[in-house]
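Visitor: Fold the stuff below for me.
(chains A, B, C, D and E, ligands or ions: 4)
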Amino acid sequence: VNNEEASQQKITIAEQYGLAYAPVQLIKELNFLKAADPDLEVEWKQLSNTTSIRESMLAGEVDIAFMAIPPFLIARDKGMGWKIISGLSESPLGLMTNREDINSLADFKTDSKIALPQPGSIQHILLSMAAEREFGEVDRFDEQLLTMSHPDAMNALLAGREVSAHFASPPYLFLESREEGIKKILSGREAFGGDFTFIVGVSTEQFYGEQPQNYSNFLEALGKAIEFIDQKPDEAAEILADNYNLEPSEMRDYLSWSGMKFTSKIKGLDKFIDFMAAESYLEKNSYQYSELVFEENLAGEKAISEEGASQNEE
Amino acid sequence: MKSKYKQRFFWGILLAFIWQLTAVSGIFSELIFPGLDQISIVLFKSLQDGTLIKQIAFSLSVIAQGLFLATIMALLFALTAYFSSTAAGLIDTLTALAHPLPGIALMPLILIWFGSGRMAILIVIIHSVLWPLSLNLSTGFNSIPDIYTLIAKNYRLNKFEFMYKILIPASLPYFISGLKIAWARSWRALISAEMLFGAINSLGGLGWYIFQRRVFFDLPGVFAGIIVIIMIGIVVEDFIFAKLENKTVKKWGA
Amino acid sequence: MKSKYKQRFFWGILLAFIWQLTAVSGIFSELIFPGLDQISIVLFKSLQDGTLIKQIAFSLSVIAQGLFLATIMALLFALTAYFSSTAAGLIDTLTALAHPLPGIALMPLILIWFGSGRMAILIVIIHSVLWPLSLNLSTGFNSIPDIYTLIAKNYRLNKFEFMYKILIPASLPYFISGLKIAWARSWRALISAEMLFGAINSLGGLGWYIFQRRVFFDLPGVFAGIIVIIMIGIVVEDFIFAKLENKTVKKWGA
Amino acid sequence: MSSYLELKNINKSFETEKEKKIVLADINLKIRENEFLTILGPSGCGKSTLLKIIAGFSKTDGGKLLKKGKAIKEAGMDRLMLFQDFEQLFPWQKVINNVEFAVKQAAKNKKLKLSSVQIKERALKYLKQVKLRDYQNYYPHQLSGGMKQRVALARTLAAEAEIMLMDEPFGSVDSQTRQELQQLLVQLWQEENRTIIFVTHDIREAVFLSQRIVVMKNEPGQIINIVENKLPYLRKRSSRNFNHLFEELQSQLHS
Amino acid sequence: MSSYLELKNINKSFETEKEKKIVLADINLKIRENEFLTILGPSGCGKSTLLKIIAGFSKTDGGKLLKKGKAIKEAGMDRLMLFQDFEQLFPWQKVINNVEFAVKQAAKNKKLKLSSVQIKERALKYLKQVKLRDYQNYYPHQLSGGMKQRVALARTLAAEAEIMLMDEPFGSVDSQTRQELQQLLVQLWQEENRTIIFVTHDIREAVFLSQRIVVMKNEPGQIINIVENKLPYLRKRSSRNFNHLFEELQSQLHS
Ligand SMILES: Nc1ncnc2c1ncn2[C@@H]1O[C@H](COP(=O)(O)OP(=O)(O)OP(=O)(O)O)[C@@H](O)[C@H]1O
Ligand SMILES: Nc1ncnc2c1ncn2[C@@H]1O[C@H](COP(=O)(O)OP(=O)(O)OP(=O)(O)O)[C@@H](O)[C@H]1O
Ligand SMILES: [Mg+2]
Ligand SMILES: [Mg+2]
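Guide: Ligands and ions are numbered 1, 2, ... in the order given. Sure, this is the predicted structure:
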C-alpha cells in the first residue's frame, strides 16, 4: 500500500466486542506487541461488524482480524487471499427464547422471528445445521430471520414483542440467561454436534509474505495472551473488566463460564466446510488444509482430526 | 426533452465505458472492481429467477406507501405551521429534535415500538422523508409573494381553498424539489431499513437483496442491486418529475 | 425572536415531562425506557470525564469539514449546471445516479476504496449532503425571475459577479432551506458512518459513543448521546440559521 | 349625508431600521354609497397604503374604519382591491381561469350555484370588455404589461363587488384603450350601483371619472382638499369646464 | 443620414400552446446618434418586445440589428434597458446599493477606478435627481410603486450608457414629478450626448420629449408612421403647436 518501509513498521488489527475476543484485548492492554518490537506501530481498528472487517481487509486496511469460521470460509471461497493464523476461542452459544410455548425448534411458528447477526454468520450456519438434522430442511427458518446486532437483538428479546428468539453469544448469552422468562432451547454445541472453534484469527497472504517478522511477533503475542488468561484468570479479569464495562468479579465469572475456552487449536473446520459446501454456501467443496491455514499452525492439523474423532464418540 | 434522453444515454454509456475500462485494466482486483459483464450476468440471473422482480415490487410498494404517507404528513405539518404560530413552535421544535437523528440510532426504539415488519420500514422511511419535505414546504409557503395572500383574503378563500388554489401552486418549485429529495431519501431509508430489519416473509426488498450479496461476499451482486436502484431512480426522475415540471412550473414561465 | 425561545423552552419542557411520566409509569421496562434522571446522570458523567467532549469535538470537526466541502461542491455543481447545459446533463445524470443510493449500500465500496478513517466518514457525509443541496440550489437558480438575469447581462456581469451578486442572493431561501436539510443530513450521515466504520485507536465521535453504549447495553447512555445531538441541532438552528434568515431573507421582505 | 364608509382619524406608520416613518396622518373621509371617488396625490404619499387599509389588509396605528357605522376588522369580498402591481395574476392559471376564479368566488359568496358554462360565459364577458377575449388561453407571463393590468381589471370587475378599490389600474394602458376602459367603468358604475374608490396620477382621468376628488400631499400623507366634480356624465374632455377643473387641480397638486 | 442603430426587417413571434403568435412584423427603423426617439402604440403591440430585441435580450426570427453597421449579437452596457416592471430592483440590496451597482459596473466597463466614496457620491447624485435621496437606506419592498420606478430610473441613469432604452418609466409617477423627470431627461440628453429610445403611452409625453415619434399598430405589431417633431426645446405644453401635434398623433393612434 504505502512504501515498504512504513508498512514494515505498522500493523493494523481489527478488534471487536465480545468475550470471545478477550485475548485480543489482552494483547492491547498489556502491550504484548510493543514488547516484542518497540518500533512497531500498532493500530487498533474498531468496526461494527464482520462484513465491514472483511471489506477493510480486502482494501488492505486491516492486517489481522478475528471472526468465526463461516464468514472466513465465504470470503476465502470467493477468492480472498487469506488464511487462518490460529484459533482464538471456543464459546458457548445459545438460541434464547422469551416465549413460554417454545421449547424446541419444532415449536417455532412461521411468524416467530429469530434474531441473529446476519445470513452466513456462524449463528446462521449453526441454526441451519440444526434445522437440517431435525427436519431435513436447511432453510426452514431462513424466512424468519431478523438481522440484528447482538445488543439490539437482546433489547428486542427483552421487550418481548417482535422477536421470539435470539442466537446469542457471550456476554449477551450470559446476560439473557439471567433474565426471568428467557430460556435456552438450543446450544451451539448441540447444533453443531460437537465442539468447534468459535473465533479464529485471520490474516492476508500479503501480510504473511511481506511482514514475516510482524506476523510471527503477533503469533507469539497471541500465544502469550491465551496462556495468560489460562493461567492467571483473576488477573486477566481485573485487567479486562474495564474494557468490557463490567465488574471484575462478573468478568471472572464470564471468563470461566462453562464452555468458554481460549485455545489456539482449530476445531470443526472440516465439518463447516462439508456442510457449507453441501448447502452451496461455498462453491468449492474441498480444500487442502494448507489452503486455509498458515504453515505455522499446520502442526495443529492432526490435533484437529483427533478432536473431530473424539467429538464423534461423545 | 428528446435531447435530455440523448444526453442521459450518452453520459450513461460513457460512465459505463470508463467503468469497464477500469475493471479490465486490472488496477483494482476483480474482487473489488468487477466488470460490467460479471455484473450483468448476476443481474440477468437474478431477474430471470424471478425473486429480484418480486423484491423490486415489494420495495416499490413500500416506498410508494411511505412517500404517500410522508407527503400527506409533511403537508399537514407545513400547513398547520403556516396557519398557527403556536403549532409552528411545536413543529419547529419537533423538526429540530428529530431531523438530525439518524434512523440507525433510533433502530432499537423502532424495533421495540413498531417491530420489524413493514410498519417499521414505513416508520424509517417517514422519519427520513417527513422532515426535509416539511422544511422545504414551509420555506415554500413562507416565500410566497404577499400579494397572493392578500388576494386570497380579499376573495375570502377558506383555508382549504387557499391551500390548493394558492399555497401549493405558488410554492410548487419548492414542493417539487422537496419531493425529489424525498424520493431519493425514501430509497435510501428503505435500503438501509431492509438491510437492518432483514427479510420479511422470505421476500425482503432490494435492500435485502444487496445485503445478502454483501454478506456472501458477492460484489457483482451488490453492484447489480445498485444498478437496479439507479435505473429506477432515473426512470422516476425522467418520467415522473420531468413531466410534472413540464406540466406546471415550466409552463407557467416561473 | 424572544418568543421563539420561549416556545422552544415550553415545548421542550412539555416533551420532557411526558417522557418522564411514561418512564415512571412503568409501561415499558426501565431497560427499554430509562427516565430522564438516569439519562442526565450518564450524560453528566460522560461530560465530566472528558471523553464525550472530545468525541463531540471530533464529530463537529468532521461535520464542519464535510459540510464545507459538500457546500462548495454543491455550489460548483449547481453553478456549472446552470451555466452549461452539457454539464447540466452530466450532473443531472450523476445526481439521478447517486442520490437514491444509501450510504449503507455503498459501505463495501467506501470501505474498499477509502478505508474506514476520517476520509471514509467525510465521503459518507458528502454523499449524503451533496445531492439534496445541489438539487435545492439548482431549483433555486432556475426559479430566479428572468428579469434579474437580463439585468445581469445588460450590466455585463461576468459569471463570478453574476453568481455572488445575483444568483445566490436571489435564490437564498432555497439555499438556506437546502443548508438546513444538509445540516440535518450530515448529522445523520455522520452518526451512521461512525457507527458502521467504528473508531481507530478508540478515538471515535458521537456516533461511536452511541454505538458503544448500545453494545454495553447502556440505554440511558444511548439517549444521552441522542440528547447531545438534539441540543447541538437546536443551537445551530436557532443561532445560526435563524440569524442568517433574519439578516437576509426576512429583511428583504421576500 | 348618511356615511356609507367612514375613515376616522386613520394613522399609519412603518418601522424601518433607522426610523419610524409616518405614512398617513389623521385621515378623515366619508364616502357615500354609490359614490365614484378618486384619490390624487404625489408618488409615495400613501394612496396605496390607504386603499389597503380600506380593503382590510393593513392594521392602522390608530383610528377607525366604519362601514354603515360598523367597524371593519378584516378583508372581505364587499371591498375588492385591484392592485397597482403587474404581478397580481396567478401565474399558474390561464387568463380565463384567473377571471373565472373571481366569478366562482363571487358566486360562492352570494350562495349562488353556477354551472361551469355560466362561469365561463361571465368570465368571457369581462375579458371581452377589456378586449382580451382572444387571449383567454394565454398564461400571464405571455402577456404585455398593459394586458396584465387589463386582465386584473377584468378579474376585479368579475367579482361584482359592492365597493371597488382600484389602484392605478390604467397605468400601462395606451391612451385609446384607456379612454374606452374609463367609459366602460363609468357605464358599469351607473348601471349597477357600485361604490368606486380609484387612485390615479392622471388628473384628467380623475376629472373624467369621479364625483369627488381627494387631493393628498406628501410627508406625511394627508388630505389637503376634497374637490366636488359636478360635471354631468358623460364628460367631454375638450369641454371648457373639464379643462378648467383640470387646471385647478393641477395648480393644487403642483403647489 | 448616417445610421447609428439600424433595425432591418425584424420579425418576432412566440410559440404558444395553440398557435404561433406573430408579434413584430417587418420592423425597419434607422436611429441617428444622439437622437431622442419615442415609440407610441397600443397595449400589446410589441413595444417592450422591440426594446428587448434592441437590448440584445431576445432572438429575432429574422432580420438584422446593426450598430454602426456591425451586427449586434448580445446585450451590453452600451444599450441599457429600463424595464416596465416594478420589480426590477434587487430586493436584497438597499436603494443606494441598487444604484451603486450601476455606478460600479459602469466604471468597470470603462476601466475606471472609483473609490467607494466616489461611487456613493455618484449614486446619491442620481437618487437626488429622482428625489429619493432620503430613501437611500430603504429596501425596495418598503417603497411605493412610483418610488420603485424612480429608483430604477436612477439606476439606469447612473450607468451613463450611450443608448438608453426606457420602457414606460413614468407609468406610476404623479404628474408633477413626472414633468420634472421629463425635464431632467431632456436636459441630461442635451448635455451629455446620449441616444434615447423611449416607450410611452402618453402622447403628450412623447411630444414633449422626442425628436421623432414612431407610431405602431397592433396585430401584428408594425410601424405605421414616423413623425418628426421639430418643436424647439424646451417645449411648452400649452403652446399651439404642441397641442396641434398632440391631436395629430391622437387621431393617428385612435384611427
Ligand atoms: N414596509 C414598509 N416599510 C417602510 N415604509 C413603507 C413600507 N411600505 C410603504 N412604505 C412607505 O409608505 C409610503 C407610502 O407608500 P404607498 O405605496 O402608499 O404610496 P403611494 O401613494 O401609493 O405611491 P405611488 O403613487 O408611488 O404608488 C412610501 O413613502 C413608502 O416608502
Ligand atoms: N412568452 C410569450 N408567449 C407568447 N406571447 C407573448 C410572449 N411574450 C409576449 N407575448 C405577446 O407579445 C405581444 C407584445 O408584447 P409586449 O410586451 O411587447 O407589448 P407592449 O407593446 O410592450 O405592451 P404594453 O404597452 O402593454 O406593455 C403581446 O401580445 C403578448 O401577448
Ligand atoms: Mg401606490
Ligand atoms: Mg410593454
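Visitor: contacts, neighbours, all on C-alpha from now
Guide: Will do.
Visitor: In three-state terms, label D:I54 for me.
Guide: On the three-state scheme (DSSP: H, G, I helix; E, B strand; the rest coil), D:I54 is labelled helix.
Visitor: isn't it right up against D:L65?
Guide: Yes - using CA atoms under 8 Å, D:I54 and D:L65 qualify as a contacting pair, with a distance of 7.1 Å.
Visitor: mind checking how far the residue lying closest to D:E33 once chain neighbours are set aside is from D:K70?
Guide: Using CA to CA, 6 or more residues apart in numbering or on different chains and skipping residues adjacent in sequence, the residue nearest D:E33 is D:Y4, 5.3 Å away. With distances defined as CA to CA, to the nearest Å, the gap from D:Y4 to D:K70 amounts to 10 Å.
Visitor: Measure how far stretch B:98-112 is from the centre of its chain, please.
Guide: Distance, stretch centre to chain centre, for stretch B:98-112: 18 Å (CA atoms, centre = their mean, to the nearest Å).
Visitor: Quick check: buried residues in it?
Guide: Within stretch B:98-112, the residues that qualify as buried by neighbour count (16 or more other CA atoms under 10 Å in any protein chain shown) are B:98-105, B:107-112.
Visitor: Quickly check: it near chain A or not.
Guide: Yes - part of stretch B:98-112 sits near chain A under the criterion CA under 8 Å from any CA of the partner chain, namely B:P108, B:L111, B:I112.
Visitor: send the alpha carbons of that stretch over as PDB?
Guide: Below are the C-alpha coordinates for stretch B:98-112, written out as PDB (Å, rounded to 0.1, in the frame of the first residue of the first chain):
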ATOM      1  CA  ALA B  98     -36.000  14.700  15.000                       C
ATOM      2  CA  HIS B  99     -34.400  15.800  11.800                       C
ATOM      3  CA  PRO B 100     -30.800  15.200  12.700                       C
ATOM      4  CA  LEU B 101     -31.400  11.900  14.300                       C
ATOM      5  CA  PRO B 102     -30.300   9.000  12.100                       C
ATOM      6  CA  GLY B 103     -32.700   6.200  11.700                       C
ATOM      7  CA  ILE B 104     -29.900   3.800  12.700                       C
ATOM      8  CA  ALA B 105     -29.700   5.400  16.100                       C
ATOM      9  CA  LEU B 106     -33.400   5.000  16.600                       C
ATOM     10  CA  MET B 107     -33.400   1.400  15.400                       C
ATOM     11  CA  PRO B 108     -33.600  -0.100  18.900                       C
ATOM     12  CA  LEU B 109     -36.600   2.100  19.700                       C
ATOM     13  CA  ILE B 110     -38.300   1.400  16.400                       C
ATOM     14  CA  LEU B 111     -37.800  -2.300  16.900                       C
ATOM     15  CA  ILE B 112     -39.300  -2.200  20.300                       C
END
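Visitor: Tell me where chain D has helices.
Guide: Per DSSP state H, chain D carries helices over the ranges D:47-55, D:95-109, D:116-129, D:145-158, D:175-192, D:203-209, D:240-253.
Visitor: The ones you listed: which one's closest to B:F217?
Guide: Each of the helices of chain D was checked against B:F217 via CA to CA, and the shortest separation belongs to helix D:95-109, namely 60.1 Å.
Visitor: thinking again about what came up before, which of D:Y4 and D:K70 has more neighbours?
Guide: Shown here are D:Y4 and D:K70; by other CA atoms under 10 Å in any protein chain shown, D:Y4 has more neighbours (17 against 12).
Visitor: so which strand or helix has residue 133?
Guide: Since you didn't name a chain, this refers to chain A. According to DSSP states H and E, A:R133 maps onto helix A:122-135.
Visitor: my question was about chain B
Guide: Secondary structure assigned from DSSP H and E places B:L133 in helix B:118-142.
Visitor: does that helix come close to chain C?
Guide: Yes - judged by CA under 8 Å from any CA, helix B:118-142 comes into contact with chain C at B:P132, B:L135, B:N136, B:T139.
Visitor: Please work out the angle formed by the directions of that helix and helix C:118-142.
Guide: 40 degrees (axes from the mean of the first three to the mean of the last three CA atoms, to 10 degrees).
Visitor: Check which residues of the helix or strand just after helix B:118-142 are buried.
Guide: Per DSSP H and E, the first helix or strand lying C-terminal to helix B:118-142 is helix B:146-154. Of the residues in helix B:146-154, those with enough neighbours to count as buried (16+ other CA under 10 Å) are B:Y148, B:T149, B:L150, B:I151, B:A152, B:K153, B:N154.
Visitor: quick check: angle from helix B:146-154 to helix D:47-55?
Guide: For helix B:146-154 and helix D:47-55, the angle between their directions (the same axes, to 10 degrees) works out to 30 degrees.
Visitor: Mind checking the pLDDT average for helix B:146-154?
Guide: The average pLDDT within helix B:146-154 is 91.
Visitor: what about chain D, any weak spots by pLDDT?
Guide: For chain D, the stretches flagged by pLDDT under 70 are D:1-2.
Visitor: Can you give me the domain boundaries for it?
Guide: Structural domains of chain D, as assigned by the TED database, span the residue ranges D:13-62+D:73-78+D:183-207+D:218-254, D:89-160.
Visitor: helix/strand/coil for residue 250?
Guide: Assuming you mean chain A. Strictly by three-state DSSP, A:E250 counts as helix.
Visitor: That one: neighbour count?
Guide: Here the neighbour count serves as a burial measure; for A:E250 (other CA under 10 Å) it reads 12.
Visitor: What helix or strand is B:I191 located in?
Guide: Applying DSSP H and E, one finds B:I191 within helix B:172-197.
Visitor: Do the helix holding B:L133 and chain A come into contact?
Guide: No - against chain A, helix B:118-142 shows no contacts by CA under 8 Å from any CA, the least distance being 10.6 Å.
Visitor: Next one: that helix, is it in contact with chain E?
Guide: No - applying CA under 8 Å from any CA, one finds helix B:118-142 out of contact with chain E, separated by at least 15.8 Å.
Visitor: pLDDT averaged over that helix, what's the number?
Guide: Helix B:118-142 shows a mean pLDDT of 89 in the predicted model.
Visitor: just checking, what packs against that helix?
Guide: Applying 3 or more CA pairs under 8 Å, 6 or more residues apart in numbering or on different chains; DSSP states H and E, one finds that helix B:118-142 makes contact with helix B:51-83, helix B:85-98, helix B:103-114, helix B:172-197, helix C:172-197.
Visitor: do you know which of these lies nearest ligand 2?
Guide: Comparing the helices and strands packed on helix B:118-142 against ligand 2 with CA to the nearest ligand atom, the closest turns out to be helix B:172-197 (19.6 Å).
Visitor: and the direction of the closest one versus that of helix B:103-114, what angle?
Guide: Calculated by the same axes, to 10 degrees, helix B:172-197 forms an angle of 70 degrees with helix B:103-114.
Visitor: residues contacting the residue nearest to D:E33?
Guide: Residues counted as contacts of D:Y4 (CA atoms under 8 Å, 6 or more residues apart in numbering or on different chains) are D:K30, D:I31, D:R32, D:E33, D:L66, D:K67, D:K68, D:G69.
Visitor: Phi and psi next, for it.
Guide: D:Y4 has phi and psi values of phi -80, psi -60 when expressed as degrees, to the nearest 10.
Visitor: Name the residue closest to the centre of chain D, please.
Guide: Central residue check for chain D by CA atoms, centre = their mean: the C-alpha nearest the mean position is that of D:M166, 1.2 Å away.
Visitor: right, and that one touches D:F198 too?
Guide: Yes - counting by CA under 8 Å, a contact exists between D:M166 and D:F198, whose distance comes to 4.7 Å.
Visitor: any idea which residue of chain B is furthest from its center?
Guide: Going by CA atoms, centre = their mean, the residue of chain B most distant from its centre is B:N154, 38.4 Å out.
Visitor: D:K131 versus the residue lying closest to B:L36 once chain neighbours are set aside, what's the distance?
Guide: Here the nearest residue to B:L36 in space, its sequence neighbours aside, is B:Q20; by CA to CA, 6+ apart that works out to 6.0 Å. Applying CA to CA, the value for B:Q20 to D:K131 is 64 Å.
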